[in-house]
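Novice: got a predicted model here, sequence first, then my questions.
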Amino acid sequence: MPSTSPTDPPPEAVAPLMRGIAVLRALTDAAGTLSLSELERATGLARATVDRVTATLARMGYVRLDGRDAALAPRLMELGNAYLAAIRLPGLLGARADALADELDESVSMAVADRDGIRFVHQATRRRAMSLSFRIGDLLPAERTGPGPLFAADWTETEWARWHERRAADPEDRGFPAVPPRTREVPFEARVEEARERGWALDDQLIEPGLVAVTAPVRAPDGRLVCAVSVVSHTSRHSASSLREAALPRLRAAVAAMERELREAAPPRPGPRSAALAAWTGASKQELGRDFIESLARGLTVLTAFGEGRDALTLSAVAEATGLARATARRALITLEHLGYVTAHERTFRLTPRVLDLGYPPLSRTTLSAIAAPHLAALATRVHDSASLAVLDGDDIRYTARVATSRIMSVNITVGTRFPAYATSMGRVMLAGLEPGERAERLARSELRALTPYTVTGPAELAAMLDSVARSGYALVDEELEEGLRSIAVPVRDRAGTVVAAVNVAMHSVRRTAEECVGDLLPRLRAAADRIEADLAVAGRFTRVATG
Ligand code: PHB
């Protein structure tokens, strides 16, 4: 019998799932994108394996293949979302953290314990020069943070032993790619003792010169420590002790309100399940053949069985939620447990915060224009005309993404270009999406100028048009912005149904009649907007996606 070390995978482990996760981890550590040859080097996998793994991940919508590059795709955030929904913390407490950040005008974060590290599950960040801010999902060494000593106050001897082992094996904290190397030693045990006595902790530039934080623990009704909330500042504004003086009372009040929130929270509501997944992977297998690795897709699918009201699942529940055979689900769970993404306790499985290592930190910084770009490119290729994304900015629309075709157009539009909203198709769908009161107010305020002989400038006529746009869900504008230019637009809505942007296709008016625009283009335009909305819904579930 060959000897097995604690890190050897168990015999039931699913090797393709391990390879897929290695690829996702490598992309995450590389901030989201690597060429396929870089992936080969980073993972040590053969090129043919990298090709098949990335093809499978691309089919799942977790990775985008773009020439020789593989990039993490927003849909991947559904794995981290499963964890965040299961623990319910950002959902229940995130708004309180945001309010505290507004009140103090400092960044506020929520972190959970992850073995001998801490991992961020929420960030309410003030953007400032001279401040480094961590991303949701970033892992920090416990001893260099405010939350760490509070969590370590509950460590067992085994956990302390693991911490000592890690410190000896990794003296520069290279296992924590989000932080600068360790340069200073502060006795952790003493900080833990102090935190235990006081009930709060300080980080005086342990993670990074200039960064100071004060942290308090949040406890569940049963007394269990569920997360730690930190107020984070910079030495240009506060020393560690002046931050404590300025922020600790309000931090404690916010924590008390959070604990109340946890006591009074309604029971979790299990959301819709990811149904018929087994059938879905079967169909992909038929389509992609050898290049689709079913066991990888199924293994990752297991993570999505968890969520709000489904934080602790038995094997049978996982099998039922995913439509997988029990034996398949079991092997996936064993693999995920071996890799540290799942813990097992008395026949139930839970996700661990490590699930956030699968793409969450870089993807949590994604923007609406980045989300839209590949969908606009696909649309432009399909219809052979330019496709754009714009937001409402004052009385103008402002382009935030655009894919031009080689066709020469008289209007020279680039990202950042502004046009008056009332005379454009994208502007009209966004105006139509406003509350009636705000819509009327804007129209009354805008100076309605005729930009061509065809521009509609009558307030009543425009108002009627916007009503009709709101009903039909699209706007077609013919030569009102520029002669010879025709465009059709549809709105892009966020999870809450609010119109946050618009997408359009613009063309020379000889290219298609207005009827052809509606008959041929509109369904494709709507389909592209649907894909953007679906990605935005995943990405925006627990993070604020910048639209500007
Ligand atoms: C952060 O939220 O960026 C943060 C929190 C606590 C620390 C360091 C950084 O100790």
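Specialist: That came through fine. Residues are numbered from 1 along each chain as shown.
Novice: may I see the buried residues of stretch 531-540?
Specialist: 531-533, 535-540 (16 or more other CB atoms under 10 Å). For every residue, glycine as well, the C-beta is placed using N, CA and C.
Novice: show me those residues that map onto helices.
Specialist: Those of the buried residues of stretch 531-540 mapping onto helices are 531-533, 535-539, per DSSP state H.
Novice: secondary structure element holding the closest residue to the ligand within the stretch 1-150 of the chain?
Specialist: Proximity to the ligand, evaluated over the stretch 1-150 of the chain using CB to the nearest ligand atom, is greatest for Ser109 at 3.1 Å. Using DSSP states H and E, Ser109 sits in strand 107-114.
Novice: elements contacting that strand?
Specialist: helix 89-104, strand 117-124, helix 147-152, strand 225-234 (3 or more CB pairs under 8 Å, 6 or more residues apart in numbering; DSSP states H and E).
Novice: who does the last one pair with, and is each partner parallel or antiparallel?
Specialist: Strand 225-234 has the following strand partners under DSSP bridges: strand 107-114 (antiparallel), strand 211-219 (antiparallel).
Novice: list the buried ones in the very next helix or strand once past that strand?
Specialist: Moving toward the C-terminus from strand 225-234, the next helix or strand (DSSP H and E) is helix 240-264. The neighbour-count check on helix 240-264 (16+ other CB under 10 Å) flags 240, 243-244, 246-248, 251, 254-255, 258-259, 262 as buried.
Novice: for helix 240-264, the distance to its chain's centre please.
Specialist: 27 Å (CA atoms, centre = their mean, to the nearest Å).
Novice: so what touches it?
Specialist: With CB atoms under 8 Å, 6 or more residues apart in numbering as the test, helix 240-264 has contacts from 92-93, 96-97, 99-100, 103-104, 106, 200, 202-205, 212-214, 216-221, 226, 229, 231, 233, 238.
Novice: buried subset of these, written for PyMOL?
Specialist: Per 16+ other CB under 10 Å, the buried members of those correspond to this PyMOL selection:
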select buried, resi 92+93+96+97+100+104+106+200+202+203+204+205+212+213+214+216+217+218+226+229+231+233+238
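Novice: how near is Ala327 to Arg298?
Specialist: Distance, Ala327 to Arg298, by CB to CB, to the nearest Å: 11 Å.
Novice: which one's more surrounded, the two?
Specialist: Taking neighbours as other CB atoms under 10 Å, Ala327 and Arg298 compare with Arg298 leading, 24 against 11.
Novice: what mean pLDDT does whichever strand or helix holds that one have?
Specialist: Following DSSP H and E, one finds Arg298 within helix 294-303. Mean pLDDT, computed over helix 294-303, is 95.
Novice: element containing Val505?
Specialist: Val505 belongs to strand 499-508, assigned by DSSP H and E.
Novice: what's the pLDDT at Thr183?
Specialist: In this prediction, Thr183 has a pLDDT value of 85.
Novice: distance of it relative to the ligand?
Specialist: Distance, Thr183 to the ligand, using CB to the nearest ligand atom, to the nearest Å: 15 Å.
Novice: shift numbering so it begins at 13
Specialist: Will do, 13 is the new start, and the previous item becomes Thr195.
Novice: how many neighbours does that residue have?
Specialist: 9.
Novice: where does it land in three-state SS?
Specialist: Secondary structure state of Thr195, per DSSP: H, G, I helix; E, B strand; the rest coil, is coil.
Novice: from Pro189, how far out is it?
Specialist: 17 Å.
Novice: how about Met442?
Specialist: 39 Å.
Novice: when those two are compared, which one has more neighbours?
Specialist: Remark: of Met442 and Pro189, Met442 carries more neighbours, 27 against 13, as counted by other CB under 10 Å.
Novice: pLDDT at the more buried one, what is it?
Specialist: 98.
Novice: residues from the protein in reach of the ligand?
Specialist: With CB under 6 Å from any ligand atom as the criterion, the chain comes near the ligand at residues 121, 145-146, 157-158, 215, 219, 223, 225, 227, 242, 244.
Novice: related to what we said a few turns ago, redo the helices and strands packed on strand 119-126 as TSV? Include mean pLDDT and distance to Asn516.
Specialist: Below are those laid out as TSV (pLDDT from 0 to 100; distance: least, CB to CB, whole Å):
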stretch	mean pLDDT	distance to Asn516
helix 101-116	96	33
strand 129-136	97	33
helix 159-164	98	46
strand 237-246	97	41
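Novice: need those in TSV (columns: distance to Thr355).
Specialist: Below are the helices and strands packed on strand 119-126 laid out as TSV (distance: least, CB to CB, whole Å):
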stretch	distance to Thr355
helix 101-116	17
strand 129-136	15
helix 159-164	16
strand 237-246	16
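Novice: domains in the chain, by residue range?
Specialist: Following automatic domain parsing, the chain resolves into domains at 27-93+282-375, 101-276, 380-551.
Novice: nearest to Asp20, out of these?
Specialist: Comparing those by their distance to Asp20 (CB to CB), the top pick is domain 27-93+282-375, with 8.9 Å.
Novice: endpoints of that closest one, how far apart?
Specialist: Distance across domain 27-93+282-375, first residue to last, is 26 Å (CA to CA, to the nearest Å).
Novice: likewise stretch 69-88?
Specialist: 9 Å.
Novice: ok now it, how far from the chain's centre?
Specialist: 14 Å.
Novice: ok, now stretch 490-504?
Specialist: The answer for stretch 490-504 is 32 Å, by CA atoms, centre = their mean.
Novice: stretch 516-533 now?
Specialist: 35 Å.
Novice: contacts for it?
Specialist: 391-392, 395, 397-400, 402, 419, 421, 423, 425, 436-438, 486, 488, 490-491, 496-502, 537.
Novice: just stretch 346-359 next, same as before
Specialist: 21-22, 24-26, 29-30, 33, 127, 311, 314-315, 324, 326-327, 345, 361-364, 366-367, 370.
Novice: which parts of stretch 316-334 are buried?
Specialist: For stretch 316-334, the buried set under the neighbour-count rule, 16+ other CB under 10 Å, comprises 316-320, 322-323, 325, 327, 329-331, 333-334.
Novice: adding secondary structure and distance to Pro183, write the residues you listed out as CSV.
Specialist: Conversion of the buried residues of stretch 316-334 to CSV gives the following (DSSP: H, G, I helix; E, B strand; the rest coil; distance: CB to CB, whole Å):
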residue, secondary structure, distance to Pro183
Thr316, coil, 38
Ala317, coil, 39
Phe318, coil, 36
Gly319, strand, 39
Glu320, coil, 40
Arg322, strand, 40
Asp323, coil, 36
Leu325, strand, 39
Leu327, helix, 41
Ala329, helix, 43
Val330, helix, 40
Ala331, helix, 44
Ala333, helix, 43
Thr334, helix, 42
